[in-house]
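[1] one predicted model, sequence on top.
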Protein chains: 2
Amino acid sequence: MFSIGELSRRTNVKVPTIRYYEEMGLLSEPERTEGNQRRYDLAGLERLSFIKHARDLGFSIEAISELIELQGHPDRSCQAATDIAVSQLSEVRARIKRLRALEKELVRISKGCSGEGRSEDCYVLASLADHKLCSNEH
Amino acid sequence: MFSIGELSRRTNVKVPTIRYYEEMGLLSEPERTEGNQRRYDLAGLERLSFIKHARDLGFSIEAISELIELQGHPDRSCQAATDIAVSQLSEVRARIKRLRALEKELVRISKGCSGEGRSEDCYVLASLADHKLCSNEH
DNA sequence: TGTAATGTCTCTAGTGACTAGAGGTTCAAG
DNA sequence: CTTGAACCTCTAGTCACTAGAGACATTACA
């Protein structure tokens, strides 16, 4: 049995975040000491590790809720879990694509100005003011 | 002179967002009709286009504030503007890097499960539960 | 056993960048 | 002059936390 601080250290999830997950229903309410402090067991640790890992991979709290639901029903089909993972993947890919366009644009804008001139003539500011100077859509 | 709705249509920025930008100090308070409705001129339109473009490129409201500050002082050095653009660029690159790691991981996890089995044996769920199954750090 | 330091409790409010909705007023077209 | 769309302000909600206040519990050490 460990305290919330101990759990925090072992999972790298901050204490208030653990309490937040509990409030959101991702973690079931743990046992308490006589003095009302939370005490966790191994199952609690594993559950939190699962959540942490999924969050690190960018899954939303809602998606994680669904995944946990599934874990609780080992006999059910795991199609839903696969769907969630696949849709998460395509979201990540979409974000990458978008960021690459931004990167290109920012490189172009940054290169245009040495930072030595007066802001009146700054290419960075001009580029932002006038979309027509942009090389691609975004 | 155009109304807030007209401005919204021309810039593709939603009406409540325009009001929000005004509240945040990005847009100066426009003239009003006798009936208290906002009326914008060309300067207002250009200012909002600038903000929109910068937001699309991922600049924060705060960064945009600074850029607008600079625009208001054409005689000042534009080093600050360049700095902001460069740091934005490196942030974008960092995000891309991270997302690419996640992408790789999600591909691996998704491939591991056809979605046909029972959730008990699902590789997606197993991967999330056990970080050791991961191929890389994240 | 006493005490001090650290940890934990609940609760409220703040973050960023909006978005939604209520309830009321003004404008432009016909 | 009427109707309906657009506009006004204000409050509250979103997501996933984070920060802080003020009170209570636990632990380490003397």
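    Structure received. These figures come from a predicted structure and were not determined experimentally.

[2] where are the low-confidence patches of chain A?
    Within chain A, the stretches with pLDDT under 70 are A:132-138.

[3] so which residue is dead centre in it?
    A:Gly58 (3.8 Å; CA atoms, centre = their mean).

[4] quick check, that residue in a helix?
    No: secondary structure assignment (DSSP: H, G, I helix; E, B strand; the rest coil) places A:Gly58 in coil, not in a helix.

[5] list phi and psi for it.
    phi 90, psi 10 (degrees, to the nearest 10).

[6] try A:Arg38
    phi -70, psi 140.

[7] that one pairs with what?
    A:Arg32 (DSSP bridges).

[8] check contacts around the closest residue to A:Glu46 other than its chain neighbours.
    Leaving aside its chain neighbours, A:Glu46 sits nearest to B:Ala129 (6.7 Å; criterion: CB to CB, 6 or more residues apart in numbering or on different chains). The C-beta positions use only the backbone N, C-alpha and C, and glycine is treated the same way. The contact partners of B:Ala129, taken as CB atoms under 8 Å, 6 or more residues apart in numbering or on different chains, are A:Glu46, A:Ser49, A:Phe50, A:His53, A:Gln71.

[9] does A:Arg38 touch A:Tyr21 like I think?
    No: contact criterion CB atoms under 8 Å: A:Arg38 and A:Tyr21 do not qualify, at 11.9 Å.

[10] gap between A:Pro30 and B:Ser28?
    Separation of A:Pro30 from B:Ser28 (CB to CB, to the nearest Å): 53 Å.

[11] looking at the two, which is more packed in?
    A:Pro30 (18 against 10; other CB atoms under 10 Å in any protein chain shown).

[12] contact partners for the more buried one?
    With CB under 8 Å, 6+ apart, A:Pro30 has these contacts: A:Glu22, A:Arg38, A:Arg39, A:Tyr40, A:Asp41, A:Gly44.

[13] TSV please, covering those and showing distance to DNA strand D and neighbour count.
    TSV is the format used below for the contacts of A:Pro30 (distance: CB to the nearest atom of the strand, whole Å; neighbours: other CB atoms under 10 Å in any protein chain shown):
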residue	distance to DNA strand D	neighbour count
A:Glu22	11	17
A:Arg38	10	21
A:Arg39	9	15
A:Tyr40	13	20
A:Asp41	15	11
A:Gly44	16	22
